[in-house]
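> Fold the following and give me the result.
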Amino acid sequence: MNDKNLFTNYQKYLNKEVTLEGWIKNHRKQKEFGFISFSDGTYFTQIQIVYDNNLDNFEEITKFHIGSSIQVTGTVVKSPKENQPFEIQASSICLLGDCPEDYPIQPKKHSREFLREQAYLRPRTNLFQAVFQIRSKAAFAIHEYFQKRDYVYFHAPLITASDCEGAGEMFHVTTFDLENVPKNKDGSVDYSKDFFTKAASLTVSGQLQAETFALAYKNVYTFGPTFRAENSNTKTHASEFWMIEPEIAFCDLEKDMDIMEDMLKYVVKYVLDNCRVELEFLDSFVEKGLIEKLQNLVKKKAIRITHYQAIKELKESGKNFEFTPEYGEDLAREHEKYLTEEKYNAPVFVYNWPKDIKAFYMRLNDDNKTVAAVDLLVPGSGELMGGSQREERYDILLNRMQEMNTGVEELDWYLKLRIYGGCVHSGFGMGFERLIMYLTGVENIRDVIPYPRTPGNCEF
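Residues are numbered from 1 along each chain as shown. Below you'll find the predicted structure:
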């Protein structure tokens with residue numbers, strides 16, 4: 001028996017005896033009886049355990065501390081309180097694991113900064129019980145979406161010699177003694193003596209490797225950790241995070257946008273349907289209107305505008321933006337907010353971006369100025385997903401790589417995909433933590449990943 005079974009089928013267990021194992025969340029004692037708020041982690045709402053002095057170990061039970069693990073046997077009865085459907089009249093309460101009185105997670109409000117310092121205990125709090133349950137359900141929904149549509153789940157390598165984004169912000173992987181690194185005569189590092197005999201790093205994206213599988217299986221997706229050595233301490237950046245990256249053969253940019261919107265709505269609806277109690281808690285205590293925001297996303301069709309149109313509308317809006325919108329430049333957060341929340345009040349695809357601010361692998365458009373790239377902006381969050389039609393033409397891809405100083409030699413295999421039965425293909429990426437922030441209303445990425453890795457922080 002567990003909490004979830006009781007809450008979802010409690011009428012079936014009324015006036016029957018059950019046994020549960022879990023933890024004390026709160027404990028209120030009186031002279032002849034006491035109340036324990038109890039949870040075994042399988043359901044968000046806590047169960048009230050009622051015990052009295054008819055129990056042989058009544059005095060011992062009154063001394064049980066918050067955080068202790070216990071086994072409870074008792075009868076499920078209707079609760080006299082309107083806000084809870086049932087409670088358990090205990091016939092036996094047994095201590096399984098004691099907890100000291102200085103246990104850090106007491107039943108009071110704790111700051112999120114404090115809870116990050118106690119990250120190994122914070123899943124026991126209401127906030128993080130909700131966040132990580134939603135994270136689990138969202139991950140399942142992503143797999144279910146792709147598996148139901150016959151995508152192959154591709155495990156991208158975490159160690160790579162390729163820099164997909166070309167930014168160079170990668171964690172290096174080596175077995176060298178850093179106090180005695182072998183050097184060539186010119187003073188450069190002699191990687192021939194290293195484990196892989198070449199420079200290797202932790203991946204920033206599984207996209208390039210996923211493309212190779214898309215041209216064998218047609219539809220594939222990756223879902224795993226990626227790494228960026230970006231020295232950024234913002235609320236939206238982490239050094240280790242998870243990415244969802246589908247790659248689809250015989251797919252152009254229009255179809256890519258169809259899939260992006262369909263997948264996002266599927267996952268959001270799944271969480272709405274399966275995490276209602278958690279979302280109601282977050283709606284009350286984290287982001288007012290959270291559920292309505294998610295419901296609106298599912299209902300509303302995304303608008304599609306070009307980057308040129310987006311800048312034009314921003315310039316003609318009459319708004320006094322802090323950062324002036326310019327053709328050929330990226331959108332600021334305030335621009336995204338205006339487009340999604342004021343102009344359209346809906347999700348917005350911005351596509352056909354200036355080539356000079358996008359990656360080498362994106363398909364060059366006929367105007368020779370833009371690429372077939374797209375960002376999906378959503379109300380309340382801004383950019384949530386990004387994708388593109390990949391450049392399938394060998395000569396044009398080669399020229400783009402040379403223009404952008406991307407390693408042509410090390411990516412020779414990637415170029416050859418274009419001559420060995422290449423085809424039109426597209427894909428997109430979504431940072432999983434950014435999705436969880438959107439689903440929960442939690443504003444800091446450090447609070448939606450179990451053990452955040454950020455500059456200066458590698459605890460636990």
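
> can we go C-alpha only for contacts and neighbour counts from here?
Will do.

> So the closest residue to Ile449 other than its chain neighbours, which state does it fall into?
Distances taken as Cα to Cα, 6 or more residues apart in numbering place Glu433 nearest to Ile449, at 6.8 Å, with adjacent residues excluded. Classification of Glu433 using DSSP: H, G, I helix; E, B strand; the rest coil returns helix.

> what's the answer for Gly67, then?
With three-state DSSP as the criterion, Gly67 reads coil.

> mind listing what it touches?
23-25, 98-99, 103, 105 (Cα atoms under 8 Å, 6 or more residues apart in numbering).

> let's see it at 10 Å
22-27, 38, 97-101, 103-107, 124 (Cα atoms under 10 Å, 6 or more residues apart in numbering).

> What does it show for phi and psi?
Here is the backbone geometry of Gly67 (degrees, to the nearest 10): phi 100, psi -20.

> where does it land on pLDDT?
Predicted confidence (pLDDT) for Gly67: 97.

> And for it, nearest residue in space, chain neighbours not counted?
Ile24 (5.2 Å).

> and if you look at Pro354?
Thr370 (4.3 Å).

> where's the one you found relative to Ser388, distance?
12 Å (Cα to Cα, to the nearest Å).

> Make sure Ala216 is actually in contact with Glu247.
No - using Cα atoms under 10 Å, Ala216 makes no contact with Glu247, being 11.1 Å away.

> ok, the two, which is more surrounded?
More neighbours surround Glu247 than the other of Ala216 and Glu247, with 32 against 11 (other Cα atoms under 10 Å).

> what about the more buried one, which SS state?
Quick answer, by three-state DSSP: Glu247 is strand.

> how much space between Gln129 and Phe44?
Distance, Gln129 to Phe44, by Cα to Cα: 7 Å.

> which neighbours do these two share?
Glu278.

> neighbour count winner among the two?
Between Gln129 and Phe44, counting by other Cα under 10 Å, Phe44 is the more crowded of the two (21 against 18).

> The more buried one reaches Leu282, doesn't it?
No - if you go by Cα under 10 Å, Phe44 and Leu282 don't touch, sitting 11.6 Å apart.

> quick one on the thing from earlier: now, of the contacts of Gly67, which are buried?
22-27, 38, 105, 124 (16 or more other Cα atoms under 10 Å).

> so what's in contact with Thr370 and Ser388 at the same time?
Shared contacts of Thr370 and Ser388, counting by Cα under 10 Å, 6+ apart, come down to 351-353, 358, 362-363.

> just checking, which of those residues belong to helices?
Secondary structure defined by DSSP state H assigns none of the shared contacts of Thr370 and Ser388 to helices.

> Let me have those in JSON lines, extended by neighbour count and pLDDT.
Below are these laid out as JSON lines (neighbours: other Cα atoms under 10 Å; pLDDT from 0 to 100):
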{"residue": "Tyr351", "neighbour count": "26", "pLDDT": "98"}
{"residue": "Asn352", "neighbour count": "22", "pLDDT": "98"}
{"residue": "Trp353", "neighbour count": "26", "pLDDT": "98"}
{"residue": "Lys358", "neighbour count": "16", "pLDDT": "95"}
{"residue": "Met362", "neighbour count": "23", "pLDDT": "97"}
{"residue": "Arg363", "neighbour count": "27", "pLDDT": "98"}
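
> how much space between Lys293 and Asp375?
From Lys293 over to Asp375 the distance is 19 Å, taken as Cα to Cα.

> Which one of those two is surrounded by more residues?
Asp375 (23 against 17).

> give me phi/psi at the more buried one?
Dihedral angles (degrees, to the nearest 10) for Asp375: phi -120, psi 140.

> Going along the chain, name the strands of the stretch 51-200 of the chain.
Here the stretch 51-200 of the chain has its strands, by DSSP state E, counting those that start in this stretch, at 69-78, 86-97, 152-153, 159-160, 172-173, 200-202.

> need the ones you listed in a markdown table with distance to Gln209, can you?
Formatted as a markdown table, the strands of the stretch 51-200 of the chain follow (distance: least, Cα to Cα, whole Å):
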| stretch | distance to Gln209 |
| --- | --- |
| strand 69-78 | 46 |
| strand 86-97 | 48 |
| strand 152-153 | 12 |
| strand 159-160 | 10 |
| strand 172-173 | 19 |
| strand 200-202 | 14 |
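
> Okay, now the unreliable bits of the stretch 101-250 of the chain?
163-168 (pLDDT under 70).

> residue ranges of the helices in the chain, please?
Ranges of helices in the chain, per DSSP H, are 3-8, 10-13, 58-61, 112-117, 126-148, 207-217, 253-274, 276-285, 290-299, 307-315, 333-337, 394-403, 412-416, 432-440.

> just checking, which of those helices sits deepest inside the structure?
Mean neighbour count (mean count of other Cα atoms under 10 Å) peaks for helix 432-440 among these, with a mean of 23.

> tell me the angle that one makes with helix 290-299.
110 degrees (axes from the mean of the first three to the mean of the last three Cα atoms, to 10 degrees).

> got the angle for helix 432-440 vs helix 276-285?
80 degrees.

> what's helix 432-440 packed up against?
helix 126-148, strand 219-227, strand 240-249, helix 253-274, helix 276-285, helix 290-299, strand 382-389 (3 or more Cα pairs under 10 Å, 6 or more residues apart in numbering; DSSP states H and E).

> can you tell me which residues contact Cys275?
Per Cα under 10 Å, 6+ apart, neighbours of Cys275: 43-44, 130-131, 133-134, 137-138, 269.

> my guess is Lys137 meets Asn274, correct?
Yes - in this structure Lys137 lies within contact range of Asn274 using Cα under 10 Å: 7.5 Å.

> roughly how far out does stretch 282-295 sit from the chain middle?
18 Å (Cα atoms, centre = their mean, to the nearest Å).

> ends of that stretch, how far apart?
15 Å.

> try stretch 180-198
Distance between the two ends of stretch 180-198: 17 Å, counting by Cα to Cα.

> what residues does it touch?
So stretch 180-198 is in contact with 160-161, 173-176, 199-200, going by Cα under 10 Å, 6+ apart.

> Between Thr370 and Ser388, which is the more surrounded one?
Ser388 (29 against 22).

> give me the number of residues near Asp102?
Using other Cα under 10 Å: Asp102 sits among 9 other residues.

> What residue in the chain is the furthest from its centre?
Centroid-distance maximum for the chain: Asn54 at 49.0 Å, with Cα atoms, centre = their mean.

> Provide a list of residues in contact with that residue.
Residues counted as contacts of Asn54 (Cα under 10 Å, 6+ apart) are 32-33, 91.
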